[in-house]
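Participant: Generate a structure from the sequence data that follows.
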Amino acid sequence: METSNATSRQERGLDYRAEIDSLRAIAIIPVVVFHLNPTHLRGGYLGVDVFFVLSGYLISAILLRDMDLGVFGMRRFYARRIRRLVPVILSVVVATLLVANFFLVDGQRVYVAKQAIAALVSVSNVFVWRSTGDYWGPTAESTALLHTWSLSVEEQFYLIFPVVLALVHRCMPRRVTAFFLFVIATSGLGYLIIVAARPSAAFYLLPTRAWELACGGLL
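Facilitator: Coordinates of the predicted model:
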């Protein structure tokens, strides 16, 4: 019983890390300042990169802890992610739709509704990439749910990463570090290749963002 209680406390402690949340908040502040007025902090958007690294660190620590303790389960992991993420994104989407209904014209409402659907099914990054093409352009700036693109990247990562990491941990437990290095190398190289020809794709899509999340996992 004492062992079980200790394990439960350990799980709760790692699932919520106040210092990580504080660092995430600090990382988001420059992004907000950048969107309010880019001239005030031209590199403010890089806070998203910091956010990805922190998220990669936290989710990898949770997964590896559960795997080492022998308590990891896909259903358990995804249930926790759903409980944590769905209420937040749902409240944001509902609030945005209500505001759009009162203040926007029909054509704009349809566009916001499409954004909302994309956000709810975790493909907001793909939607923004295909519909605006440029994070710094005027079309992107007028996209009501633009900020959900980074959350979609994380949700896509959460969908794929645990499955692959579980296989590596089970079949090659001593190669977990090598796995993170492989993701960093391949995703980073992909970014360098793609960014020159398709900078927006490199900016928005998971394959060219995965290296940042993997950097967090390597920490």
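
Participant: Can you pull up the most central residue in the chain?
Facilitator: The residue lying closest to the centre of the chain (C-alpha atoms, centre = their mean) is E154, at 2.3 Å.

Participant: Can you tell me the element that one falls in?
Facilitator: Following DSSP states H and E, one finds E154 within helix 148-171.

Participant: can you give me the offset of that helix from its chain's centre?
Facilitator: Offset of helix 148-171 from its chain centre (C-alpha atoms, centre = their mean, to the nearest Å): 10 Å.

Participant: got the angle between the next helix or strand after that helix and helix 148-171?
Facilitator: Using DSSP H and E, the next helix or strand after helix 148-171 towards the C-terminus is helix 176-197. Taking axes from the mean of the first three to the mean of the last three C-alpha atoms, to 10 degrees, helix 176-197 and helix 148-171 form an angle of 150 degrees between their directions.

Participant: Quick one: the helices in this structure, in order.
Facilitator: 2-15, 18-36, 47-69, 74-103, 106-120, 124-131, 138-141, 148-171, 176-197, 199-204, 210-218 (DSSP state H).

Participant: I'd like these as a markdown table, with mean pLDDT appended.
Facilitator: Putting the helices of the chain into a markdown table (pLDDT from 0 to 100) gives the following:
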| stretch | mean pLDDT |
| --- | --- |
| helix 2-15 | 47 |
| helix 18-36 | 68 |
| helix 47-69 | 91 |
| helix 74-103 | 92 |
| helix 106-120 | 91 |
| helix 124-131 | 92 |
| helix 138-141 | 63 |
| helix 148-171 | 95 |
| helix 176-197 | 96 |
| helix 199-204 | 93 |
| helix 210-218 | 96 |
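
Participant: S122 and F157 touch, don't they?
Facilitator: No: using C-beta atoms under 8 Å, S122 makes no contact with F157, being 10.1 Å away. C-betas here are computed from N, CA, C, even on glycine.

Participant: ok, the closest residue in space to V128 that isn't next to it in sequence - how many residues close by?
Facilitator: Leaving aside its chain neighbours, V128 sits nearest to W149 (4.8 Å; criterion: C-beta to C-beta, 6 or more residues apart in numbering). Number of residues near W149 (other C-beta atoms under 10 Å) recorded here: 26.

Participant: Pretty sure W149 sits against R130.
Facilitator: No: using C-beta under 8 Å, W149 is not in contact with R130; the gap is 11.4 Å.

Participant: and I29, how far is that from F51?
Facilitator: Using C-beta to C-beta, to the nearest Å, I29 is found at 11 Å from F51.

Participant: Name the residue in those two with the higher neighbour count.
Facilitator: Per other C-beta under 10 Å, whichever of I29 and F51 has more neighbours is F51, with 24 against 12.
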